[in-house]
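**Q** following is a predicted model, sequence given first.
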Amino acid sequence: MPTDTIFRHILDDKDHEKKLEDILRGRFRFSRKLIQRLKTGNKTQLDGVPVYLTTRGFCGQTMVVDLFEPEEAGIEPEDLPLDILYEDAFYLAVNKPPGQIVHPVGPHIRGTLANAVAGYWQKQGERRLFRPVFRTDRDTSGIILIAKNRYAQQQISNLSDKQQVKKIYLGIVQGEWPQANPTGILDIPMGPKPGSKILQQIHLQGKPAQTEYHVLATDGRYTLIQFRLITGRTHQIRVHCQAVGYPLAGDTLYGGTAEVFRRQALHAYRYGFIHPFTQNPLSLKAPIPDDLLRTGLFPSNIEDWDMEPRFRSPGI
């Protein structure tokens, strides 16, 4: 069985005499749909012996679950450049360049990140569904995290729902951010703009949206800011920056101008979370793209510059 489809757990005192189904559902958040699929075929073993999910386990026994399911990729593989930041049996993280669409949509059925990933997997002799974990706009550069199977996607989504995935962005806004407020939280609800399938707007009766920020540098014309998403609404950083009067440079959809940038100056810089399967801290970082570096707001010795998150909130 492929190692990236195997879930293994040594039962402890919390699991003693419980049904395996209850352990998987309650402790490891297996979805109802996944549990139902595991009930067909010899998908579950206890100390190497195939068992039903209704079997009760005992402390010290080893439970092994085969998560493999045949999948049809459905995306045309292409031999395209792919900047891989991290890969293990469960996740693939890549650095998306600005301007590349993540998933085929409408007339854009080739040249997407999904096509590139499908091509990479094809070279490895693998066929998988393309499962990007978090949405990213076409013109936002940086980290894209991809789950390799249904359960891996479910687990990282659970962490995100509990706000246990730290997502750090670097953005360049127009104007000089007020020196009196170098750090804070933009707590402004938002929702879809009526009549538009794309745009979002501030809406007092909308969904809660919180963005933590820390000013890093300014030249008077532009300000470099480090953002942390507390919630993850569509276009959240872009809408919040527009709302406070400092739109992202180049973001013509939300009040910015394209004098210097031909895209919104936003980069998914760092993700941090506890790996759901190894339980080890995992920190992902995407190199800063050239169009942001050319502003001169970053020091020449970037590798030596302290770019660790400067936020008050605890996290990785």
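**A** Everything's here; your move. Numbering: from 1, shown residues only.

**Q** how about residue 250, what does it touch?
**A** Neighbouring residues of residue 250 by CB atoms under 8 Å, 6 or more residues apart in numbering: 139, 256, 257, 258, 260, 261, 262, 263, 264, 265. Every residue, glycine included, has its C-beta placed from N, CA and C.

**Q** separation between it and residue 207?
**A** 26 Å (CB to CB, to the nearest Å).

**Q** which is the next helix or strand following the helix or strand harbouring residue 22?
**A** Here residue 22, judged by DSSP states H and E, is contained in helix 20-22. With elements assigned by DSSP H and E, the helix or strand that comes after helix 20-22 is helix 32-38.

**Q** what comes up buried for that following helix?
**A** Neighbour counts using 16 or more other CB atoms under 10 Å place 34, 38 of helix 32-38 among the buried residues.

**Q** do the same with stretch 254-272
**A** Buried, per 16+ other CB under 10 Å, within stretch 254-272: 254-256, 260-261, 263-272.

**Q** how far does the helix or strand hosting residue 160 sit from the chain's center?
**A** In this assignment (DSSP H and E), residue 160 forms part of helix 150-161. In terms of CA atoms, centre = their mean, to the nearest Å, the gap separating the centre of helix 150-161 from the centre of its chain is 10 Å.

**Q** what does it rub up against?
**A** Residues contacting helix 150-161 (CB under 8 Å, 6+ apart): 4, 7, 28-31, 34, 67, 69, 90-91, 131, 133-134, 145, 147, 165, 232, 273-274, 276-277.

**Q** now the buried members of those residues.
**A** The buried subset of the contacts of helix 150-161 - by 16+ other CB under 10 Å - is 4, 7, 29-30, 34, 67, 90-91, 131, 133-134, 145, 147, 165, 232, 273, 276-277.

**Q** pretty sure residue 291 is touching residue 98, no?
**A** Yes: Residue 291 lies in contact with residue 98 (CB atoms under 8 Å); the separation is 7.1 Å.

**Q** residues shared between the contacts of the two?
**A** Common contacts of residue 291 and residue 98, defined by CB under 8 Å, 6+ apart, comprise residue 263.

**Q** between the two, which one's more packed in?
**A** Between residue 291 and residue 98, residue 98 has the larger neighbour count (other CB atoms under 10 Å), namely 21 against 17.

**Q** give me the most central residue, this structure.
**A** Centroid-nearest residue in the chain, with CA atoms, centre = their mean: residue 134, separated by 3.9 Å.

**Q** didn't it look like it was pressed against residue 229?
**A** No: using CB under 8 Å, residue 134 is not in contact with residue 229; the gap is 9.1 Å.

**Q** overlap in contacts, these two.
**A** Common contact partners of residue 134 and residue 229 (CB under 8 Å, 6+ apart): residue 167.

**Q** what's the spacing between residue 101 and residue 199?
**A** 18 Å.

**Q** ok, these two, which is more surrounded?
**A** residue 101 (20 against 15).

**Q** residues contacting that one?
**A** 108, 111, 112, 113, 138.

**Q** walk me through the domains of this protein.
**A** As assigned by automatic domain parsing, the chain contains the domains 3-66, 84-155, 165-304.

**Q** got the ones you listed as CSV, with mean pLDDT and distance to residue 74 columns?
**A** As requested, those are exported to CSV (pLDDT from 0 to 100; distance: least, CB to CB, whole Å):
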stretch, mean pLDDT, distance to residue 74
domain 3-66, 89, 19
domain 84-155, 93, 7
domain 165-304, 94, 23
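
**Q** so can I have TSV of these showing distance to residue 77?
**A** Formatted as TSV, the domains of the chain follow (distance: least, CB to CB, whole Å):
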stretch	distance to residue 77
domain 3-66	19
domain 84-155	4
domain 165-304	23
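
**Q** what is the end-to-end distance of stretch 178-187?
**A** 17 Å (CA to CA, to the nearest Å).

**Q** just stretch 120-136 next, same as before
**A** One end of stretch 120-136 sits 20 Å from the other (CA to CA).

**Q** what's next to it, contact-wise?
**A** Here stretch 120-136 has contacts from 71-75, 77, 82, 84, 96, 102-103, 113-114, 117-118, 142, 144-150, 152-153, 156-157, 160, 167, 232, 234, 268, using CB under 8 Å, 6+ apart.
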